[in-house]
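Participant: Build the 3D model from these lines:
(one chain, ligands or ions: 2)
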Amino acid sequence: MKIVDLRVTPIAIADPPLRSAYGLHAPYALRTIVELVSEDGITGAAETHGGERILQDFARVRDRVICRDAFDLARLEGEVAGSFEEPWGAQAIEIDRSQTYVLPGVSRLDVPLRLFAAVEVAALDLIGKSTGTPVAELLGGRVRDTVPFSAYLFFKHAGGGGARADVREDRWGEALTPEALVDQARTMIDMYGFESVKVKGGVLPPGHEIETMERLHAAFPDLPLRIDPNAAWSVETAVAVGRALAGVLEYLEDPSPGLEGMAQVRRQLMQRGIDLPLASNVAVTSFEVLPEAIRRDAVQVVLSDLHYWGGLRAITHLGRLCATFGIGLSMHSNSHLGLSLLAMTHVAAATPHLTYACDTHYPWQAGEDEILESGRVPIIGGAVRVPTEPGLGATLDRDALERGRERYERCSLRERDDEAEMRRLVDAQWRRVVPAW
Ligand code: GKR
Ligand code: MG
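Facilitator: Residues are numbered from 1 along each chain as shown. Ligands and ions are numbered 1, 2, ... in the order given. As a prediction, this is how the structure comes out:
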């Protein structure tokens, strides 16, 4: 099935002022919608990271994708990778492809994988739509009909995101205390029925974050809890947090910087008889670091992400590797819309070794920014139904996509920079220091 067009549309979606160790979310999150059109006029779509850089990168691979067969995924991957010969813009700090110093979606070393992932998802959507087959079946078939996601709580400033005439209502309110986070959990669980809870930590001093988790545990004693400070804690602090929360957490996510930090935290906790799994999407972001991560016992749960691990088939492959090495697998997220959520759902359905509920930022995004004809993807009982419709199971709403593009044009943001936003709105002197505590 010949691909005759590759369309790339940048969009902006309102995003509330959420805090993390990286800084503060800007009023808009940037995404890119990628479409492949076949010679018989069928379109497949995918969603990926946003901003100006990825648009330039797509322009570079365009001619290598067009005229290829959508089924020819292995060659397409080679073509995309072949568009980038070293040196192609990797800078010193980016030699470390982890997310310790750069935000997800920023490392130049991930560019070929990121581009191919979007092309692959769009190709599978296209193939699915042409053959009447859901993507989960194209990946080998579903082992579950619904995919569990966890509530993703954030410390947050007042505001609902958006700017000027497009300022959004703050549906969540400010949440900068342990009590406020418990209220946020209650609201989110009431709305979506989540059965596990993740807290984005590394924001308040560790003692306050320990208190937050204890309060959440008291309020929801049956729900598994996780906290993720994005490498903001020294090994000593991480071990202290791990000891304090040993009976409360299902896993501790990226407590300390790098594989070495993670391995030390693990070792020291184990020496104290605490077998608390460490999860990672910061230290471990690609296949190439897996052998070392496993050798050092630095990670017991890999948080996969189809957008930068290289697509849906890469994640099913990762699932087998994790099963082989006896480590868990779950899924990382960033601010996203329904198309990404559906792709995550299909691959989670087709990955037997998915051992925890996946992350999603979806509750933070406004319904009015959704770009699917069917509107927002429902999360019911904390889970998303795996579509049985062809492809990803959704069609783009062209008007909504155009509104997203206009929002992108209007907003001045062209890359994600949480540190700059933090300086702009919260503390003019703020710098990300790793580790911070
Ligand atoms: O949305 O601020 C955020 C998160 O910090 C996100 O960028 C992280 O990549 O959710 C992610 C994580 O689990 O580290
Ligand atoms: Mg994380």
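Participant: ok, now which ones touch Val8?
Facilitator: 32-35, 55, 58-59 (C-beta atoms under 8 Å, 6 or more residues apart in numbering). Yep, even glycine has a C-beta here, placed from its N, CA and C like the rest.
Participant: let's go with 6 Å and repeat that
Facilitator: 34, 58 (C-beta atoms under 6 Å, 6 or more residues apart in numbering).
Participant: How many residues are close by the closest residue to Ala21 other than its chain neighbours?
Facilitator: Excluding its sequence neighbours, the residue lying closest to Ala21 (C-beta to C-beta, 6 or more residues apart in numbering) is Gly202, at 3.2 Å. By other C-beta atoms under 10 Å, the residues close to Gly202 number 26.
Participant: again, but for Ala244
Facilitator: Ala244: 17 surrounding residues under other C-beta under 10 Å.
Participant: where does it land on pLDDT?
Facilitator: Looking at Ala244, its pLDDT is 98.
Participant: Likewise for Pro87?
Facilitator: In the predicted model, Pro87 carries a pLDDT score of 49.
Participant: what about the helices in the stretch 1-150 of the chain?
Facilitator: Along the stretch 1-150 of the chain, the segments classed as helices by DSSP state H, counting those that start in this stretch run 52-65, 73-82, 111-131, 135-138.
Participant: related to what we said a few turns ago, helix, strand or coil: sort out the residue nearest to Ala21 for me.
Facilitator: Following DSSP: H, G, I helix; E, B strand; the rest coil, we place Gly202 in the coil state.
Participant: and the gap between it and Glu253?
Facilitator: Applying C-beta to C-beta, to the nearest Å, the value for Gly202 to Glu253 is 10 Å.
Participant: State the phi and psi torsions of the residue nearest the centre of the chain.
Facilitator: Geometric centre of the chain, nearest residue: Ser333, 1.7 Å, by C-alpha atoms, centre = their mean. Phi and psi for Ser333, reported as degrees, to the nearest 10, are phi -140, psi 160.
Participant: and the closest residue to it other than its chain neighbours, what does it touch?
Facilitator: Once flanking residues are discounted, Ser333 sits nearest to Asp359: 4.2 Å by C-beta to C-beta, 6+ apart. Asp359 makes contacts with 152, 332-333, as judged by C-beta under 6 Å, 6+ apart.
Participant: With Pro112 instead?
Facilitator: By C-beta under 6 Å, 6+ apart, the neighbours of Pro112 are 80-81, 84.
Participant: Name the member of these with the most neighbours.
Facilitator: Most surrounded of the contacts of Pro112: other C-beta under 10 Å gives Val80, at 26 neighbours.
Participant: How about the residues of the chain by ligand 2?
Facilitator: The chain has residues 228, 253, 281 near ligand 2, with proximity defined as C-beta under 5 Å from the ion.
Participant: The first one contacts Glu253, correct?
Facilitator: Translated: Asp228. Yes: taking C-beta atoms under 6 Å as the definition, Asp228 is a contact partner of Glu253 at 3.6 Å.
Participant: now the end-to-end length of stretch 344-359.
Facilitator: For stretch 344-359, the separation between the terminal residues is 10 Å (C-alpha to C-alpha, to the nearest Å).
Participant: do the same with stretch 392-401
Facilitator: One end of stretch 392-401 to the other measures 17 Å (C-alpha to C-alpha).
Participant: For it, which residues meet the burial criterion?
Facilitator: Residues 392-397, 400-401 are the ones in stretch 392-401 that count as buried (16 or more other C-beta atoms under 10 Å).
Participant: ditto for stretch 18-32
Facilitator: Within stretch 18-32, the residues that qualify as buried are 18-32, counting by 16+ other C-beta under 10 Å.
Participant: and those near ligand 1, which?
Facilitator: Restricting the buried residues of stretch 18-32 to those adjacent to ligand 1 (criterion: C-beta under 6 Å from any ligand atom) gives 18, 20, 22.
Participant: ok, so of these, who is nearest Glu373?
Facilitator: Glu373 has its nearest neighbour among these in Leu18, at 28.1 Å by C-beta to C-beta.
Participant: what residues does the stretch 251-400 of the chain put near ligand 1?
Facilitator: 281-282, 332-335, 359, 361.
Participant: Compare those and tell me which has the most neighbours.
Facilitator: Neighbour counts for those peak at Val282, which has 29 neighbours (criterion: other C-beta under 10 Å).
Participant: Now do stretch 105-121, average pLDDT.
Facilitator: With pLDDT averaged residue by residue, stretch 105-121 scores 94.
Participant: Repeat that for stretch 19-33.
Facilitator: Mean pLDDT, stretch 19-33: 98.
Participant: next one: it to chain centre, how far?
Facilitator: 12 Å (C-alpha atoms, centre = their mean, to the nearest Å).
Participant: mind checking how far Phe154 is from Gly44?
Facilitator: Taking C-beta to C-beta, one finds Phe154 at 32 Å from Gly44.
Participant: same thing with Ala165?
Facilitator: With distances taken as C-beta to C-beta, Ala165 is found 34 Å from Gly44.
Participant: Those two - which one has more neighbours?
Facilitator: Taking other C-beta under 10 Å, Ala165 and Gly44 do not tie; Gly44 has more neighbours (27 against 6).
Participant: Which residue, other than its chain neighbours, is closest to that one?
Facilitator: Leu126 (2.8 Å).
Participant: now do Glu250
Facilitator: Pro224 (3.8 Å).
Participant: how many neighbours does that neighbour have?
Facilitator: By other C-beta under 10 Å, 16 other residues sit near Pro224.
Participant: Against Glu260, how distant is it?
Facilitator: Distance from Pro224 to Glu260, by C-beta to C-beta: 28 Å.
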